[in-house]
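Novice: Model the following, please.
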Amino acid sequence: MNNERTVWPVGVAFLIACLLFAVIVAAVKVYTPVPAIDADRAAVRAKTLAEIRAAETQALNHPGWIDENRGLVRLPIDVAMQITEREWQNPAAARSNLMARAEKATAPAPPAPAKPNPFE
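Specialist: Model prediction:
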């Protein structure tokens, strides 16, 4: 009989302690934000992607040089289509012009000058 009296308060105390522990764990989870794994890496990747997309938009919508020595120019698509439409009014002249430009664009670079022999 004496044993039954001591078990009841210990059980209630244990239940209150478990409940208190659960409340403390929940409070720590709510009030202590944990950054996502690799959050800084994700931010860097998002910034890099935005820079790439801005560069692509710039390249698509604004003219620029690809190779100034060879005369290769990057044009917006609508401008290039207008020029092509205008040039191909005369197909024979446009074809010869296209072939001359292709040869100029694909011409090999001149060979590097030979190094002088140090014994001469």
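Novice: Okay, and the residue nearest to the spatial centre of the chain sits in which element?
Specialist: Geometric centre of the chain, nearest residue: L49, 2.8 Å, by Cα atoms, centre = their mean. Applying DSSP states H and E as the criterion places L49 in helix 39-61.
Novice: now that helix, how far from the centre of its chain.
Specialist: Centroid separation for helix 39-61 versus its chain: 5 Å, with Cα atoms, centre = their mean, to the nearest Å.
Novice: Repeat that for stretch 45-64.
Specialist: Worked out by Cα atoms, centre = their mean, stretch 45-64 lies 9 Å from the chain centre.
Novice: May I have it exported as PDB, CA atoms only?
Specialist: The C-alpha atoms that make up stretch 45-64 are tabulated as PDB, following Å, rounded to 0.1, in the frame of the first residue of the first chain:
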ATOM      1  CA  ARG A  45      24.500  30.300 -58.200                       C
ATOM      2  CA  ALA A  46      21.400  32.400 -58.400                       C
ATOM      3  CA  LYS A  47      23.600  35.600 -58.800                       C
ATOM      4  CA  THR A  48      25.700  33.900 -61.500                       C
ATOM      5  CA  LEU A  49      22.600  32.700 -63.400                       C
ATOM      6  CA  ALA A  50      21.200  36.300 -63.400                       C
ATOM      7  CA  GLU A  51      24.600  37.600 -64.700                       C
ATOM      8  CA  ILE A  52      24.600  34.900 -67.500                       C
ATOM      9  CA  ARG A  53      21.000  35.700 -68.500                       C
ATOM     10  CA  ALA A  54      21.800  39.500 -68.600                       C
ATOM     11  CA  ALA A  55      24.800  38.800 -70.800                       C
ATOM     12  CA  GLU A  56      22.700  36.600 -73.100                       C
ATOM     13  CA  THR A  57      20.000  39.300 -73.300                       C
ATOM     14  CA  GLN A  58      22.700  41.900 -74.100                       C
ATOM     15  CA  ALA A  59      24.200  39.600 -76.800                       C
ATOM     16  CA  LEU A  60      20.800  38.900 -78.400                       C
ATOM     17  CA  ASN A  61      19.600  42.500 -78.500                       C
ATOM     18  CA  HIS A  62      22.600  44.600 -79.100                       C
ATOM     19  CA  PRO A  63      25.200  44.500 -81.900                       C
ATOM     20  CA  GLY A  64      28.900  43.800 -81.100                       C
END
